[in-house]
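[1] When you get a sec, could you give me coordinates for this:
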Amino acid sequence: MGSARAAHLPNRTFVGRADDVVALEARLREARIVTLLGPPGVGKTHLAAHVARRAAEGDAYPGGVHWCALTSVRDATSLVGAIREATARVPAPAS
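    Reported below is the predicted structural model:
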């Protein structure tokens, strides 16, 4: 079940940053959406993909985990489009 629920997540090797993983997982238990901020190249995307993949493998998110790439977003309109595209490719739940 985990592979289907994580089908659109980036597949990346992840090593270290255990404290950041724990902190981000705790934050996700409090909020449905979390934003990671930091300068380019510090590993925000790798950290997010790793935590999202772990979340998709568990039972906390029965509807699955959705990945929305925001690298090309420059304004509110393109943000809405990116979210629409990310959620449109989510498979329907198995009955």
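
[2] from here on, contacts and neighbour counts on C-alpha atoms
    OK.

[3] so how far is the first residue of stretch 69-77 from its last?
    Using C-alpha to C-alpha, to the nearest Å, one end of stretch 69-77 lies 14 Å from the other.

[4] Figure out how far it is from the centre of its chain.
    Averaging C-alpha positions (C-alpha atoms, centre = their mean, to the nearest Å) puts stretch 69-77 16 Å from its chain's average.

[5] now the strands: where do they sit in this protein?
    Assigned by DSSP state E, the chain shows no strands.

[6] Now do the helices in it.
    2-5, 18-30, 44-57, 76-88 (DSSP state H).

[7] which stretch among those helices comes nearest residue 67?
    helix 76-88 (6.5 Å; C-alpha to C-alpha).

[8] OK, contacts around the nearest residue to residue 69 once chain neighbours are set aside?
    The shortest distance from residue 69 to any non-neighbouring residue, by C-alpha to C-alpha, 6 or more residues apart in numbering, is to residue 82 (7.1 Å). By C-alpha atoms under 8 Å, 6 or more residues apart in numbering, residue 82 lies in contact with 68, 69, 70, 73.

[9] Mind putting the helices of the chain into CSV with distance to residue 12?
    Output for the helices of the chain, formatted as CSV (distance: least, C-alpha to C-alpha, whole Å):
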stretch, distance to residue 12
helix 2-5, 14
helix 18-30, 15
helix 44-57, 7
helix 76-88, 19
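
[10] Pick the most deeply packed of the ones you listed.
    helix 44-57 (a mean of 19; mean count of other C-alpha atoms under 10 Å).

[11] Can you work out which other helices and strands pack against it?
    helix 2-5, helix 18-30 (3 or more C-alpha pairs under 8 Å, 6 or more residues apart in numbering; DSSP states H and E).

[12] Run a quick neighbour tally on the residue lying closest to residue 86 once chain neighbours are set aside.
    Nearest residue to residue 86, sequence neighbours excluded (C-alpha to C-alpha, 6+ apart): residue 68, at 5.3 Å. By other C-alpha atoms under 10 Å, the residues close to residue 68 number 15.
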